[in-house]
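1. Test case, fold it:
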Amino acid sequence: MSIIPSCKKEKREACAKAFDRGVQCILKCQVKKDGKPTVWCAQHDELDYSPRPARASSSRWAQWQRIGGIVKLLMSLDHPDDMTVAAIDGAVAWF
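-> Below you'll find the model as predicted:
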């Protein structure tokens, strides 16, 4: 029985680290205009995070509902850092 709680703790820690890496990726992908963060595209380059075309039938830009979901996720974070706050503010200003 003692293995199960430690396994859960390890999984929670691994999930938390993966989530944090995901948030950092979201912040790196945010498009900047005149040096200010704006919104996100549907797809980004895996190396330099720049906007990339989506499927031929899709726009490069994400739908505003998806952008709203990203902003809601960022706003749900406890103790966001300055970069996250700037990302939220920039997206809200874009809306």
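
2. Now Leu47, what are its backbone angles?
-> Recorded main-chain torsions at Leu47 are phi -100, psi -50, according to degrees, to the nearest 10.

3. how near is it to Ala16?
-> Computed as CB to CB, to the nearest Å, the Leu47 to Ala16 distance reads 26 Å. Every C-beta, even on glycine, is put in place using the N, C-alpha and C of the backbone.

4. of these two, who's got more company?
-> Each of Leu47 and Ala16 had its neighbours counted (other CB atoms under 10 Å), and the higher figure belongs to Ala16 (10 against 6).

5. Please, which helix or strand holds the more buried one?
-> Secondary structure here is read from DSSP states H and E; on that basis Ala16 sits in helix 3-29.

6. Can you identify the element that follows that helix toward the C-terminus?
-> Tracing the chain past helix 3-29, the next element assigned as helix or strand by DSSP H and E is strand 32-33.

7. Partner strands of that next one, with direction?
-> With DSSP bridges as the criterion, the sheet partners recorded for strand 32-33 are strand 36-37 (antiparallel).

8. now what about the strand it pairs with, what contacts it?
-> 30-31, 86-87, 89-91, 93 (CB atoms under 8 Å, 6 or more residues apart in numbering).

9. Same list (these) but as a markdown table, adding pLDDT, distance to Pro51 and secondary structure.
-> A markdown table is the format used below for the contacts of strand 36-37 (pLDDT from 0 to 100; distance: CB to CB, whole Å; DSSP: H, G, I helix; E, B strand; the rest coil):
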| residue | pLDDT | distance to Pro51 | secondary structure |
| --- | --- | --- | --- |
| Gln30 | 94 | 10 | coil |
| Val31 | 92 | 6 | coil |
| Ala86 | 97 | 19 | helix |
| Ala87 | 96 | 16 | helix |
| Asp89 | 96 | 21 | helix |
| Gly90 | 95 | 15 | helix |
| Ala91 | 94 | 15 | helix |
| Ala93 | 93 | 19 | helix |
